[in-house]
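Trainee: Got a predicted structure plus its sequence, pasted below:
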Amino acid sequence: MAELNTGDSGGGKKGSKKVRSKKQNSKVDLTAMVDLAFLLITFFMLTTTLSKPQSMNLGLPDKDDKVDTNVKVDENRTMTILMGENNHIKIFRGLLATPKLAPKSVAYGKDGLRKDLLAQNQQVKAYTAAQGKPDQGMIVIIKPSKKSNYRNLVDVLDEMAIVGVPTYAIVNEFTPEETKLLGDSAGPAAAAPTETATATQP
Amino acid sequence: MAVKMKKKSTSTDMTAMCDVAFLLLTFFILTATAKVPEVLPVDTPASTVQTKLPEKDLATITIGSGKVFFDVKGKDVRKRTLELMSDKYGVKFSDDDQNKFAIMESFGVPIQSLKQVLDAKPSERKNIQQPGIPKDSLDNQLADWIQNARIANNEAHQKDLEIAIKGDAKEEYPIIKRVMDVLQDQKINNFSLVTGLRGKEQ
C-alpha cells in the first residue's frame, strides 16, 4: 500500500524518464498524513468520552428533626462499622453491650471488611428467612469518627455497593463505649487490636 | 504495458480518506472542551461504581486541605448566580466581571474578595491564595452559592441542579460532614461523590 515516491523512482527505464518523473511528482503520498489524522481522531474521541469523572450516588435521609429517630430495628440484623483514624475499623453485630458478633478490627478491602460483610449478610439472610421475612436484609450502620478521612467513607460506601447491602445509614453520634472501643485500637496499643477488643467484652 | 498497470493499482488514492479523516479530526477538536486547570488539585478516592457525572446542570463542591471551592456548569447559570449573589451581599460586579466569571473555573474566595480573582489574568489565578468559601454558621456563603445556583439553574434550564462533592481522599471527615450538613439544610438529600476508577479485584 504505502509507496514512497522518491525523485529517482522512475529511474529504471531510460528514454521516457523525464516525462514519467514529472507525472509521478504531481501525486503526493497521503498515507502518513492519513495515519496521523486517524491517530489524532482516536486521541480526541477517547479523551472527550473518557475524561468524564465518575461518581457514586449517595442518598441521605431527610434531616427533619420531627421524625422520630429512635426507630426500632431488629438487633439481629444490624451491623455497626466504626471508622477510626489511621484506617482502623471496628465492626460488631447487634448491640455493643450484648453483641451477636464480638467487636473486632478488620482491614479495608477485599480480604478484610468485604469478607466479613458477606459472611454477616449470609447469616442475616438465614435469620430473616427463618423469621419468615426473607425480604428484610442486613442493616449496616456506618459511624465515621472525627479522625477518619474521606477515603475511608468512600471505601465503606463502595463495599456497601459491592456486597449489595440493602439498607445502610451514616450515623454521626458516638456513644462513650464506642469511642472507648475505637480509642483502644487507635492508640499506641494498636499492635494487638483483636485482643484489646475482646478484653472489653464482659 | 501489462506490468505497468499492475504496479499502478497498488497505490490507492487517499485524498477522499484524508478529507474525511481531517473533517472528523476538526469536529472532535472543536467539540472537545479544553481541560480547565484545577485551582485546587484533589486526589479523589477510588471506587468501583461506573456512573458518570452529568455534563450540565451540575454544581461541584471541591474539598481539599480544609478549603471548599465551588463551581457551576453553564455560562448562563453562572452569570445569573453571580447576579443573585451580588444582590444578596451588596457586592457590585461590572458586566466585564460577570463575563469573566462565566468562563472561570472553580473558585474559593469570599464574595467580598472575588473581584480580585476576577481581575487577575486566567494564567495568574493559580498563584492567588484562595482561602476557600466561608461555610460556618455565621457567614455561610457556601449555602447561599448553592441556593442561588439552584435558583439560577431552574430559571435557565427548568431542571434541578445536581450537586457533586469532590473531596480529597485524605480530607478528614468533619469537613465533609459540614458540607453535607450545608446541603441537607437545603433539603438536598441526594448528591454524588466524585470518585476515581478502580478495578473490580481490589
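Mentor: The structure has been received and is ready for your questions.
Trainee: got a list of what residue B:128 touches?
Mentor: Shown in contact with residue B:128 (C-beta atoms under 8 Å, 6 or more residues apart in numbering or on different chains): B:116, B:117, B:120. Bear in mind the C-beta positions are built from the backbone N, C-alpha and C, glycine included.
Trainee: The first one: neighbour count?
Mentor: Translated: residue B:116. 12 (other C-beta atoms under 10 Å in any protein chain shown).
Trainee: part of a strand, is it?
Mentor: No: using DSSP: H, G, I helix; E, B strand; the rest coil, the secondary structure at residue B:116 is helix, not a strand.
Trainee: Does the helix or strand residue A:41 falls within reach chain B?
Mentor: Residue A:41 belongs to helix A:31-50 when assigned by DSSP states H and E. Yes: Helix A:31-50 is in contact with chain B by C-beta under 8 Å from any C-beta of the partner chain, via A:31, A:33, A:34, A:37, A:38, A:40, A:41, A:44, A:45, A:47, A:48.
Trainee: and the gap between the nearest residue to residue B:109 once chain neighbours are set aside and residue B:186?
Mentor: Leaving aside its chain neighbours, residue B:109 sits nearest to residue B:130 (5.0 Å; criterion: C-beta to C-beta, 6 or more residues apart in numbering or on different chains). As for residue B:130, its distance to residue B:186 is 24 Å (criterion: C-beta to C-beta, to the nearest Å).
Trainee: the strands in chain A, which residues?
Mentor: Applying DSSP state E to chain A gives strands spanning A:54-59, A:78-83, A:89-94, A:99-106, A:139-144, A:167-170.
Trainee: by contact count, what packs against the helix holding residue A:41?
Mentor: When contacts are defined as 3 or more C-beta pairs under 8 Å, 6 or more residues apart in numbering or on different chains; DSSP states H and E, helix A:31-50 packs onto helix B:15-31.
Trainee: which residue is nearest the middle of chain A?
Mentor: residue A:158 (4.0 Å; C-alpha atoms, centre = their mean).
Trainee: what pairs with the residue nearest to it when sequence neighbours are not counted across the strands?
Mentor: Of all residues not flanking residue A:158 in the chain, residue B:47 sits nearest, at 4.3 Å (C-beta to C-beta, 6+ apart). Each beta-bridge partner of residue B:47 is listed here, defined by DSSP bridges: residue B:197.
Trainee: Show me chain A divided up by domain.
Mentor: Under the assignment automatic domain parsing, the domains of chain A span A:9-50, A:78-199.
Trainee: pLDDT (mean, whole number) over the first one?
Mentor: In this model, domain A:9-50 has an average pLDDT of 69.
Trainee: would you list every one of the helices in chain A?
Mentor: For chain A, applying DSSP state H gives helices covering A:17-25, A:31-50, A:113-131, A:150-163, A:176-186, A:193-199.
Trainee: With distance to residue A:79 as added columns, please give those helices in CSV.
Mentor: Below are the helices of chain A laid out as CSV (distance: least, C-beta to C-beta, whole Å):
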stretch, distance to residue A:79
helix A:17-25, 78
helix A:31-50, 37
helix A:113-131, 5
helix A:150-163, 11
helix A:176-186, 14
helix A:193-199, 15
